[in-house]
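**Q** Can you look at this prediction? I've put the sequence above it.
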Amino acid sequence: MANDQQRDDLEARVLSGMYRHRHLSVSSRAFRHDGRRFLVAEWEQHGQDDPGATERLLKIVEKRLLDDAWSDIESMAHLMDTWAMFDEMSERLHRLARVEAANADAGRAIEEFQRSGGGVAAAASVAAAMQRVVEAEAPEIAAPTGVELFDRLMAEAASTQGREFLGIKFPTLPGLNRRLDGLRGLTFLAGSPGTGKTSLALQMAFDAAESNPDTVVVFLTCEMSALEAQASIITRLTKIPFHDLMKGKGKPRDQATGMMLPEGDIALLNAARDRIAALGDRWRVVQPSDVGGAFIGSRRGGAGVFAPVTAMVNRAKQATGASRMLVVVDSLQRVPVAEPMSGSVTGWVGETIERDNYVVAAMNDLASGPGDAVLCISEQNKTQQGTASITSMKGTATIGYACDAALLLTDPEDYGRDTQVMERDVHDGFRRVEAHLVKGRAGMSRGTESLVFRFTQHRFEEGSPR
């Protein structure tokens, strides 16, 4: 949503453009400023050049407000000279007014629900009002023609032909990479606690950034801080356990780095820093507060999450010449969702607009560009934890079918048969994990890969422990 100053400027420009082009493009109801609103209402009723307009207007609105409106028309005229600019500004104001009206209706519906103490009819009114908010925010776009879609497909095929993998490669896990044919579209990664979902996603993300010079990678962490995520990456790159990284090994403090670690470990840290620095603008680890807000949409509570991330990616593409992006989201259940401007609906978003479906739609939109990909971590339902079922992902029943690929992490069968087997592995610093590709679209190969999760180093390997 625009702030008050931005909205006032938009109104002034549109009014000036309407008079400059002699075109009544926006209804008087879209204007908040009394002088502008009544001036346009007069035009709607009597035409633009009616000689009695001023006399009628002065009976219902203060002269200073009319003077402000006429000043807008004169001062903004040079900015609205082109029809394209006028048309864009008119659509923006029209859409803004539509969103404001929808939010106001939602606020009244929520107030009525709270006042009446609930009930099916009141709940249905809230749901319908929230749906109108979503529809009001949606841009009005025409669907592409069949020929346009054909041309787009040919252009995308021309860009992917000759590549080893159709998607974004992550070669430290070659078997999994081959099954997925690289990361593309929207991929869900789910599993029970302890199977290493975040560590695996971080490994895939950093590997993708290092192995694809044409790709910008952003890891959006809604679970942990950006520093905690960075620590996971460092422990994998250096094989220095997290405990030692943060508490030291009792060595004399190094003068250059301040670290209480052996010289060999400090050399490994310096080498890791060089690898990260080499990625430059193509690698970012961010949390919602880093990108200017805590919400998906542009409603109350600040700027959205995904829009600033997209802007960050686009700037990085321009700076580096990259053409693709990978955004990793940790996790689906922790991405904050906006509330309507008109009031709090805590506890209502999931019930009225299917919260997770709303997030999935935003991520699908993010991954819609040629070669782009989103990898999203998801929790599993408690009753299905540890299973490789596509329906086990937490959320509405259809979430698992909204992605291009679904990767489920489970324990191997022998862990279930004998708990001592798992205890022995954990004692040795690792646990075995099965990665099941249970859903995969064209070019992907469903099946299972055996992984070893060395949890003290936040590192995954394929095959059996060595």
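**A** Now that the structure is in, tell me what you want to look at. Only a predicted model underlies this, so the values are computations on that prediction, with no experimental measurement involved.

**Q** outside of the host helix or strand of residue 234, which residues touch it?
**A** Assessed by DSSP states H and E, residue 234 sits inside helix 226-238. Contacts to helix 226-238, defined as CB atoms under 8 Å, 6 or more residues apart in numbering, come from residues 198-199, 202-203, 206, 219, 221, 240-242, 245-246, 265, 268-269, 271-272, 275-276, 285-287, 290, 330, 456-459. No exception for glycine: its C-beta is placed from N, CA and C like everyone else's.

**Q** From these, which land in helices?
**A** Counting by DSSP state H, the contacts of helix 226-238 place 198-199, 202-203, 206, 242, 245-246, 265, 268-269, 271-272, 275-276 in helices.

**Q** Give me the buried entries from the residues you listed.
**A** Neighbour-count burial (16 or more other CB atoms under 10 Å) applied to the ones in helices among the contacts of helix 226-238 gives 198, 199, 202, 203, 206, 242, 245, 265, 268, 269, 272, 276.

**Q** And the furthest pair within those?
**A** Largest separation among those by CB to CB: 198 and 265, giving 23.6 Å.

**Q** Helix, strand or coil: sort out the residue lying closest to residue 33 once chain neighbours are set aside for me.
**A** Spatial nearest neighbour of residue 33, chain neighbours left out: residue 11 (6.0 Å); criterion: CB to CB, 6 or more residues apart in numbering. At residue 11, secondary structure determined by DSSP: H, G, I helix; E, B strand; the rest coil is helix.

**Q** Was I right to think residue 11 contacts residue 34?
**A** No. Contact between residue 11 and residue 34 fails when scored by CB atoms under 8 Å: they sit 11.3 Å apart.

**Q** who's more crowded, these two?
**A** The neighbour comparison of residue 11 against residue 34 (other CB atoms under 10 Å) goes to residue 11, with 25 against 15.

**Q** in the stretch 51-200 of the chain, which spans are strands?
**A** 185-191 (DSSP state E, counting those that start in this stretch).

**Q** mind showing which ranges of it have poor pLDDT?
**A** Scanning the stretch 51-200 of the chain with the threshold set as pLDDT under 70 gives 137-142.

**Q** need the helices for it, in chain order.
**A** 53-58, 63-75, 83-116, 120-137, 146-160, 174-180, 197-211 (DSSP state H, counting those that start in this stretch).

**Q** What residues sit buried inside the shortest one?
**A** Which is helix 53-58. 53, 57.

**Q** burial measure for residue 174, as a count.
**A** By other CB under 10 Å, 12 other residues sit near residue 174.

**Q** Identify the residue nearest the most centrally placed residue in the chain in space, chain neighbours excluded?
**A** Nearest to the geometric centre of the chain sits residue 306, at 3.2 Å (CA atoms, centre = their mean). Spatially, and ignoring its direct neighbours in sequence, residue 306 is nearest to residue 362 (5.2 Å; CB to CB, 6+ apart).

**Q** Same question for residue 436.
**A** Going by CB to CB, 6+ apart, residue 436 has residue 388 as its nearest residue, at 4.0 Å.

**Q** In contact with that neighbour, which residues?
**A** Counting by CB under 8 Å, 6+ apart, residue 388 touches 408, 410, 434, 436, 438, 448.

**Q** and if you look at residue 116?
**A** Applying CB under 8 Å, 6+ apart to residue 116 gives the contacts residue 122.

**Q** Could you measure from it over to residue 123?
**A** 10 Å (CB to CB, to the nearest Å).

**Q** what sits against residue 245?
**A** Contacts of residue 245 (CB under 8 Å, 6+ apart): 231, 234, 235, 238.

**Q** let's see it at 6 Å
**A** With contacts defined as CB atoms under 6 Å, 6 or more residues apart in numbering, residue 245 is in contact with residue 235.

**Q** Next: the one 4 residues further on.
**A** The neighbourhood of residue 249, defined by CB under 6 Å, 6+ apart, consists of residue 261.

**Q** circling back: is the residue nearest to residue 306 in a helix, a strand, or coil?
**A** Three-state call for residue 362 (three-state DSSP): helix.

**Q** pretty sure it is touching residue 309, no?
**A** No. Counting by CB atoms under 6 Å, residue 362 stays clear of residue 309, with 10.3 Å between them.

**Q** angle of the helix holding residue 234 against helix 197-211?
**A** 70 degrees (axes from the mean of the first three to the mean of the last three CA atoms, to 10 degrees).

**Q** Flag every buried residue along helix 226-238.
**A** For helix 226-238, the neighbour count (16+ other CB under 10 Å) marks 226, 229, 230, 231, 232, 233, 234, 235, 236, 237, 238 as buried.

**Q** Repeat that for stretch 210-222.
**A** When burial is assessed from 16+ other CB under 10 Å, stretch 210-222 yields the following buried residues: 210, 211, 212, 215, 216, 217, 218, 219, 220, 221, 222.

**Q** contacting residues around the residue lying closest to the third one once chain neighbours are set aside?
**A** Closest residue to residue 212 in three dimensions, ignoring its sequence neighbours and counting by CB to CB, 6+ apart: residue 168, at 5.4 Å. Taking CB under 6 Å, 6+ apart as the definition of contact, the neighbours of residue 168 are 182, 183, 208, 212, 215, 326, 373.

**Q** Let me have these in TSV, extended by distance to residue 381.
**A** Putting these into TSV (distance: CB to CB, whole Å) gives the following:
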residue	distance to residue 381
182	29
183	25
208	29
212	34
215	33
326	27
373	25
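
**Q** What is the nearest of those residues to residue 105?
**A** Nearest to residue 105, judged by CB to CB, of the contacts of residue 168 is residue 373 at 37.3 Å.

**Q** Show the pLDDT at the closest one.
**A** On the pLDDT scale, residue 373 is placed at 97.

**Q** Could you identify which of the contacts of residue 388 has the most neighbours?
**A** residue 408 (28 neighbours).

**Q** For the strand or helix carrying that one, which outside residues touch it?
**A** In this structure, residue 408 is located in strand 405-410 according to DSSP H and E. Contact with strand 405-410 is made by 187-191, 195, 386, 388, 390, 400, 433-440, as judged by CB under 6 Å, 6+ apart.

**Q** Could I get the average pLDDT for that strand?
**A** Strand 405-410 comes out at a mean pLDDT of 96.

**Q** Just the angle for that strand relative to helix 197-211, thanks.
**A** Interaxial angle, strand 405-410 versus helix 197-211 (the same axes, to 10 degrees): 130 degrees.

**Q** Strand 405-410 to strand 185-191, inter-axis angle?
**A** Using the same axes, to 10 degrees: strand 405-410 against strand 185-191 is 10 degrees.

**Q** Please tell me I have it right and the residue nearest to the centre of the chain contacts residue 364.
**A** No. Residue 306 lies out of contact with residue 364 (CB under 6 Å); the separation is 10.9 Å.

**Q** Distance of residue 424 relative to residue 417?
**A** Distance from residue 424 to residue 417, by CB to CB: 13 Å.
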